[in-house]
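# model this:
(chains A and B)
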2 protein chains.
Amino acid sequence: VIDSTEEFPIQRITEEDKSDTVDKVVRELPLTIILNDEELVTLLCSPIDLKYLALGFLYSEGLLKGKDEIKKILVDEARGVVRFQTEGDKGDLRAFKRLITSGCGRGASFYSAVDIQNQAKIDSQITISSSEVFDLVNQFQHRSKVFKATGGVHSAALSDGNKILIFAEDIGRHNAIDKIFGQCLLEDIPLEERLILTSGRISSEILLKVAKRKIPIIISKSAPTNLAIKLAGDLGITLIGFARGRRMNVYTNVWRVKA
Amino acid sequence: VIDSTEEFPIQRITEEDKSDTVDKVVRELPLTIILNDEELVTLLCSPIDLKYLALGFLYSEGLLKGKDEIKKILVDEARGVVRFQTEGDKGDLRAFKRLITSGCGRGASFYSAVDIQNQAKIDSQITISSSEVFDLVNQFQHRSKVFKATGGVHSAALSDGNKILIFAEDIGRHNAIDKIFGQCLLEDIPLEERLILTSGRISSEILLKVAKRKIPIIISKSAPTNLAIKLAGDLGITLIGFARGRRMNVYTNVWRVKA
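Coordinates of the predicted model:
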């Protein structure tokens, strides 16, 4: 297993002082995903949970419908390669490549009116109390080991409203969430009535990624964008931002948060 | 001009209290760049300085060598489109599209050994004192208007070591830096012996973007990755991270920072 941090000699300078010391820095790995012998994409990521990341990515991008399709997964950690063989041909991947291209950070293409119309409204009746949210955020903040060491990664988690079920870290906001969903897919972990927590900003891309899995509540330590709020409103998702300490902003579908 | 923020009604919940209020949220615009009548890419960005962003992006991606090549730039803010007409044909853009694709956040492709070998070492003899760095970081932090209002954007700046010459904000780290370089290109602002400040993490992509413009010093409020540190070391760039208040970490080429 590749360590997710690396130490470097640095000079730490303050107003009063200058000292030679060692700093723990987050590792960045270029991970190439190869689908049926065709090179699909290279993601920059943290070198942990590569199989989950690659799976989650393929699923998020609509290239994989389920686990049954997969004949073989080969992970080469040292070279930064994950190879998939699937049942049946995936056809011409160039169309897909253009799709990510126009996302550039994966998925401005999602904005297409068609795609949003195809996105069914989430009708889950799940609710959560505000103190449950505060407790979850507290658990979430205590989990991030790499961030504490390096200040350089994002984290994401899946929760049932009481505890954190799955936790992932990555230098990319998108990657951390894809790792969660990839693990769920591989290990048959159900996503119904589950919540997603994220350390990162909620942009429209993040919101749609979560909406595709029918997640009714997304909680972030950071800010949402205007498009994410509009989509969350339209799709019936409860969007909570700035969840820090024991306070939060509820942007949409506030009925799911009880006093 | 499109406002870069938008107000939303929210519920703010704390341990003791629940109140209906209004929150100012950062706007996210899908911006499509069309080069010689061909749709190139859609970026998610903040709706300010679109011309600078599009120019900086094309230049960063190697699709534009200089201002003289441009015959016409048309910005349609309302529709989120920037159109470029250039002298001569740009050839088949599919190769380029594949290039960004494999970046997915623009530029893992930059990792190619060839590209890094082609990157000349920066031999600028410029130095800066630690108190100049602290003062610059202080100026930089005071400049960010949108961040203060929304908590949702990154900022970047060009400096001569004493003052901030150009300042840009965007929801994307890459975009904020591209806006700086785009403005420099359009307005013939020289980049020799200049510094870049950024609020965001320094990944290998950011480092290479700055290296291509021969910037000798990059200063970030946040963390660098291991690959960025290695590249900065190899390319002769002084990389400063965690520059906050009156302290900083110098990761590479520390000789440029005087006491």
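# shaky segments in the stretch 1-150 of chain A?
Per-residue confidence for the stretch 1-150 of chain A (pLDDT under 70) gives these ranges: A:1-2, A:91-117.
# where does residue A:145 fall, phi/psi-wise?
In this entry, residue A:145 is assigned phi and psi values of phi -80, psi -50 (degrees, to the nearest 10).
# return the residues in contact with it.
Shown here is residue A:145, whose contacts under the criterion C-beta atoms under 8 Å, 6 or more residues apart in numbering or on different chains are residue A:169. From N, CA and C alone the C-beta is placed, and that goes for glycine too.
# got it, and residue A:64?
With C-beta under 8 Å, 6+ apart as the criterion, the residues that contact residue A:64 are A:55, A:58, A:70, A:84, A:86, A:185.
# tell me the secondary structure for it?
Classification of residue A:64 into helix, strand or coil gives coil, according to DSSP: H, G, I helix; E, B strand; the rest coil.
# is the nearest residue to residue A:14 once chain neighbours are set aside bridged to anything, and to what?
Leaving aside its chain neighbours, residue A:14 sits nearest to residue B:247 (4.4 Å; criterion: C-beta to C-beta, 6 or more residues apart in numbering or on different chains). Listed beta-bridge partners, residue B:247: residue A:14, residue B:244 (assigned using DSSP bridges).
# rewinding a little: of all the contacts of residue A:64, which two lie farthest apart?
The most widely separated members of the contacts of residue A:64 are A:86 and A:185, with 13.4 Å between them, by C-beta to C-beta.
# now residue A:211: how far from residue A:132?
Between residue A:211 and residue A:132 the computed distance is 22 Å (C-beta to C-beta, to the nearest Å).
# likewise for residue A:34?
With distances taken as C-beta to C-beta, residue A:34 is found 42 Å from residue A:132.
# likewise residue A:175?
Counting by C-beta to C-beta, the gap between residue A:175 and residue A:132 amounts to 27 Å.
# which of those two has more neighbours?
Counted by other C-beta atoms under 10 Å in any protein chain shown, residue A:175 and residue A:132 do not tie: residue A:175 has more neighbours, with 29 against 16.
# surely the more buried one is within a helix?
Yes - when classified by three-state DSSP, residue A:175 is found to be part of a helix.
# OK, contacts around it?
For residue A:175, the residues meeting the contact criterion (C-beta under 8 Å, 6+ apart) are A:43, A:45, A:46, A:53, A:57, A:154.
# can you pull the phi/psi pair for the second one?
The main-chain torsion angles of residue A:45 are listed as degrees, to the nearest 10 and equal phi -150, psi 170.
# number of residues surrounding it?
Using other C-beta under 10 Å, residue A:45 has 26 other residues around it.
# got it, and the fourth one?
The burial count assigned to residue A:53 is 30, neighbours taken as other C-beta under 10 Å.
# what's the answer for the last one, then?
Residue crowding around residue A:154 was assessed by other C-beta under 10 Å; the count is 25.
# list the beta-bridge partners for it.
With DSSP bridges applied, the residues forming beta bridges to residue A:154 are residue A:170.
# my guess is it meets residue A:200, correct?
Yes - if you go by C-beta atoms under 8 Å, residue A:154 and residue A:200 touch, sitting 4.7 Å apart.
# and for the two, which residues touch both?
Residues touching both residue A:154 and residue A:200 (C-beta under 8 Å, 6+ apart) are A:173, A:176.
# how near is residue A:238 to chain B?
Here the distance between residue A:238 and chain B works out to 11 Å (C-beta to the nearest C-beta, to the nearest Å).
# what bridges to that residue?
Partner residues in beta bridges with residue A:238, using DSSP bridges, are residue A:217.
# I'd say the residue nearest to residue A:14 and residue A:11 touch.
No - the pair formed by residue B:247 and residue A:11 falls short of the contact definition of C-beta under 8 Å, at 11.4 Å.
# grab the nearest non-local neighbour of the residue nearest the centre of chain A.
In chain A, the residue lying closest to the centroid (C-alpha atoms, centre = their mean) is residue A:177, at 1.4 Å. Once flanking residues are discounted, residue A:177 sits nearest to residue A:156: 4.6 Å by C-beta to C-beta, 6+ apart.
# same question for residue A:57.
In space, and not counting its chain neighbours, residue A:57 is closest to residue A:178: 5.0 Å by C-beta to C-beta, 6+ apart.
# swap in residue A:40?
Nearest in space to residue A:40, with sequence neighbours left out and distances taken as C-beta to C-beta, 6+ apart, is residue A:33 at 4.7 Å.
# residue contacts, that neighbour?
For residue A:33, counting by C-beta under 8 Å, 6+ apart, the contacting residues are A:39, A:40, A:41, A:42, A:43, A:54, A:57, A:58, A:81, A:82, A:84.
# where does the first one sit, in terms of helix or strand?
Element membership for residue A:39, per DSSP states H and E: strand A:38-45.
# same check, this time on the last one
With the criterion set as DSSP H and E, the secondary-structure element containing residue A:84 is strand A:81-86.
# please name the residues that touch the closest residue to residue A:149 other than its chain neighbours.
Spatial nearest neighbour of residue A:149, chain neighbours left out: residue A:24 (4.9 Å); criterion: C-beta to C-beta, 6+ apart. If you count contacts by C-beta under 8 Å, 6+ apart, residue A:24 has them with A:5, A:6, A:7, A:149, A:150.
# how long is stretch A:228-245 end to end?
Between the opening and closing residues of stretch A:228-245 lies a distance of 23 Å (C-alpha to C-alpha, to the nearest Å).
# that's a strand at residue A:178, yeah?
No - counting by three-state DSSP, one finds residue A:178 to be helix, located in no strand.
# and the pLDDT at it?
Per-residue confidence (pLDDT) for residue A:178: 95.
# what is the burial count for it?
When neighbours are counted by other C-beta under 10 Å, residue A:178 registers 29.
# before we move on, back to that, so what sits opposite the residue nearest to residue A:40 in the bridge?
Assessed by DSSP bridges, residue A:33 has beta-bridge partners residue A:41, residue A:82.
# just residue A:19 next, same as before
On the basis of DSSP bridges, residue A:19 takes part in beta bridges with residue A:12.
# how near is it to residue A:12?
Following C-beta to C-beta, the distance that separates residue A:19 from residue A:12 is 5 Å.
# more crowded one of these two?
A side-by-side neighbour count of residue A:19 and residue A:12, using other C-beta under 10 Å, places residue A:12 first with 16 against 9.
# for that one, what are its contacts?
Neighbouring residues of residue A:12 by C-beta under 8 Å, 6+ apart: A:18, A:19, A:21, A:23, B:247, B:248, B:249, B:250.
# in the stretch 101-250 of chain A, which spans are helices?
Taking DSSP state H, counting those that start in this stretch to define them, one finds helices in the stretch 101-250 of chain A at A:113-118, A:130-143, A:145-150, A:173-186, A:204-212, A:226-235.
# from the ones you listed, which stretch is densest packed?
For the helices of the stretch 101-250 of chain A, the stretch with the most neighbours on average is helix A:173-186, a mean of 25; neighbours defined as mean count of other C-beta atoms under 10 Å in any protein chain shown.
# ok and it relative to helix A:204-212, angle-wise?
In terms of direction (axes from the mean of the first three to the mean of the last three C-alpha atoms, to 10 degrees), helix A:173-186 departs from helix A:204-212 by 10 degrees.
# noted, bye for now.
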